[in-house]
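Visitor: Take a look and give me a structure for this.
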Amino acid sequence: MHEASGQTRGLAKESPRLSKLVSQLAQCSRREADEWIENGWVSVDGVVVNRLGARVNPKAKIKIKDIASAHTSESVSIVFNKPRDLPGPPAEAGREAIAALIRADNRWSDDPTPLTFQASHLRGLAQAGKLEADEGGMLAFTQEGSVARRLSGGDSRLEKEYHVRVGGELAADGLGLLRHGLSLDNVKLPRAQVSWLSDQQMRFVLLAGKKGQIQRMFELVGLQVTDIKRVRIGSVSLGKLPPGQWRYLREDERF
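Guide: Numbers count the residues shown, from 1 in each chain. Predicted coordinates for the structure are as follows:
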């Protein structure tokens with residue numbers, strides 16, 4: 001256990017941040033210090049302090065639990081199965097909105113990854129892409145900026161696969177038009193992969209899309225969309241992940 005102490009009373013006018021003192025004491029990065037603080041591994045004068053940005057007396061007694069030294073700082077990515085009736089956070093959701101979805105109590109019990117959920121896994125966690133309010137399925141969250149850009153950029157080359165339940169009667173040339181031939185807002189749409197899964201459900205694969213694009217495309221060929229579920233982004237599939245639950249991205253998965 002790391003420990004530092006002093007006798008000075010009161011706080012200096014410009015007291016240092018606790019994370020700075022922890023970083024100096026343990027010779028770790030500021031990011032690791034923030035994670036240790038958030039995880040409740042740091043105490044000041046015998047009191048656990050887990051608030052980021054806290055300032056303390058530079059002579060205060062700081063203790064760091066031994067578990068912190070064995071903790072390796074690493075970025076995490078998370079897959080969440082959004083239920084269709086769940087509003088979901090906006091694209092630029094803050095930490096509180098994301099934390100309402102990603103909690104210790106709704107982690108998938110069959111998550112194969114060995115990671116232990118830490119409060120620090122929510123820090124800097126960004127939503128990569130979004131689903132409309134009436135859409136369900138796969139949402140991705142990540143602490144890695146490069147991953148977020150690949151998933152959310154307008155020039156994303158990652159396929160997004162949807163299972164779409166429909167009603168109505170498909171026009172005679174409808175399947176061919178869905179694959180290539182339709183325009184929205186006077187802009188011709190790029191090719192998409194479209195095929196039947198059953199009498200009322202279709203598989204739809206595209207790259208970057210417009211808001212409401214799938215519904216509008218199907219309306220143009222005589223079909224009404226009753227349900228949309230995203231089941232894959234790139235090579236990462238939703239699999240058996242239950243609605244309303246989440247899991248960590250496995251080591252063998254990449255966006």
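Visitor: so W246 touches V79, yeah?
Guide: Yes: contact criterion Cβ atoms under 8 Å: W246 and V79 qualify, at 6.4 Å. Yep, even glycine has a C-beta here, placed from its N, CA and C like the rest.
Visitor: Look at the two and report which has more neighbours.
Guide: Shown here are W246 and V79; by other Cβ atoms under 10 Å, V79 has more neighbours (25 against 21).
Visitor: Secondary structure class of that one, three-state.
Guide: Under DSSP: H, G, I helix; E, B strand; the rest coil, V79 falls in the strand class.
Visitor: Which residues are in contact with it?
Guide: V79 makes contact with 138-140, 236, 238, 241, 246-249 under the criterion Cβ atoms under 8 Å, 6 or more residues apart in numbering.
Visitor: what comes into contact with the lengthiest strand in the chain?
Guide: In the chain, assigned by DSSP state E, the strand with the most residues is strand 223-233. Under the contact criterion Cβ under 8 Å, 6+ apart, strand 223-233 has outside partners 84, 129, 131-132, 134-138, 140, 151, 158-170, 174, 214-215, 218-219, 237-238, 255.
Visitor: Which neighbours in the sheet does whatever helix or strand comes next after it have, and how are they oriented?
Guide: Later in the chain than strand 223-233, the nearest helix or strand by DSSP states H and E is strand 236-237. According to DSSP bridges, strand 236-237 forms sheet pairs with strand 223-233 (antiparallel).
Visitor: buried ones in stretch 142-151?
Guide: Neighbour-count burial for stretch 142-151, counted by 16 or more other Cβ atoms under 10 Å, picks out 142-144, 147-148, 150-151.
Visitor: Closest one to R17 out of those, please.
Guide: Using Cβ to Cβ, the shortest approach to R17 within those belongs to Q143, at 21.0 Å.
Visitor: show me what contacts that closest one?
Guide: Q143 touches 75-77, 121, 123-126, counting by Cβ under 8 Å, 6+ apart.
Visitor: Kindly recompute the last result at 7 Å.
Guide: 75-76, 124-125 (Cβ atoms under 7 Å, 6 or more residues apart in numbering).
Visitor: Adding neighbour count and secondary structure, write those out as TSV.
Guide: Formatted as TSV, these follow (neighbours: other Cβ atoms under 10 Å; DSSP: H, G, I helix; E, B strand; the rest coil):
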residue	neighbour count	secondary structure
S75	14	coil
V76	19	coil
G124	15	coil
L125	21	coil
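Visitor: per-residue confidence at D185?
Guide: D185 carries a pLDDT score of 90 in this model.
Visitor: and it, how many residues sit next to it?
Guide: D185: 7 neighbours (other Cβ under 10 Å).
Visitor: Tell me how far it lies from G174.
Guide: As judged by Cβ to Cβ, to the nearest Å, D185 and G174 stand 20 Å apart.
Visitor: and if you look at L197?
Guide: Taken as Cβ to Cβ, the span from L197 to G174 is 16 Å.
Visitor: Might you list the low-confidence residue ranges for the stretch 151-255 of the chain?
Guide: 153-156 (pLDDT under 70).
Visitor: SS state for the most centrally placed residue in the chain?
Guide: Centroid-nearest residue in the chain, with Cα atoms, centre = their mean: F141, separated by 1.1 Å. For F141, the secondary-structure state derived from three-state DSSP is strand.
Visitor: Cool, thanks, signing off.
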